[in-house]
Each structure stands twice: as structure tokens, then as C-alpha cells.
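**Student:** sequence and predicted structure are below.
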Amino acid sequence: MQRTITLKRHAALVDDMANRLGVDLEQKIMEGHMTFDALDDVVLACTGCANPGECERWLGENKSAEATPEYCRNSDVFARLKTGRHA
């Protein structure tokens, strides 16, 4: 049960981060810039973050952003998706 809660929390963080950066993950998948497996990997990487509470605060304070916070384990993935490259 705890694993499910953790995955849901981090899936929401990934989705919220993408939204703040102006990245539509569903659209990126439909365009072939990302696969569902790659999205799973992004969520799993997020679960290894030591700062999920700080991330939630950052997301609450930033309705849009050019880049992720420096501690984000998926900064490179989001940067590639923002520029239209593959994840």
C-alpha cells in the first residue's frame, strides 16, 4: 500500500513539474518524443528524490518556470522535452 501511495505522489509531482515547465506529457507521448516506459522511468527516478516536500513547496510557489529546481532528478529529461527532443 505504501508503495502505491509513493508512486501516486511522485507521479503527481512529475505531472505538476511538467505543467509548470509548459510540457504536456500526453502530447509528448503522442508525438513520439516520449514513451510510456520512459515516463515510468521518470516517475521512478522521482521516487528516489530526497526532497519531495521541498518540491511540493516549490511547485506551490511557482505557477510557471523555465527550469526545474536544481535538486530535480529529472532536470535533463524535462529540458530535452521543453526543446522538443526525445526524453
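**Tutor:** It's in. Computed from a predicted structure; not experimentally measured.
**Student:** so where does the residue nearest to the spatial centre of the chain fall, helix or strand?
**Tutor:** For the chain, Val14 is the residue whose C-alpha lies nearest the centre (C-alpha atoms, centre = their mean; 2.7 Å). According to DSSP states H and E, Val14 maps onto helix 2-20.
**Student:** show residues contacting that helix.
**Tutor:** Applying C-beta atoms under 8 Å, 6 or more residues apart in numbering, the contact partners of helix 2-20 are 24-25, 39, 42-43, 46-47, 49, 52, 55-56, 59, 62-65, 68, 72, 74, 78, 81. To be clear about C-beta, it is placed using only N, CA and C from the backbone, and glycine gets the same treatment.
**Student:** now stretch 47-54: average pLDDT?
**Tutor:** If you average the pLDDT over stretch 47-54, you get 96.
**Student:** how long is that stretch end to end?
**Tutor:** Length of stretch 47-54, first residue to last, C-alpha to C-alpha, to the nearest Å: 13 Å.
**Student:** pLDDT wise, what is Asp24 at?
**Tutor:** 97.
**Student:** quick one: contacts for it?
**Tutor:** Ala18.
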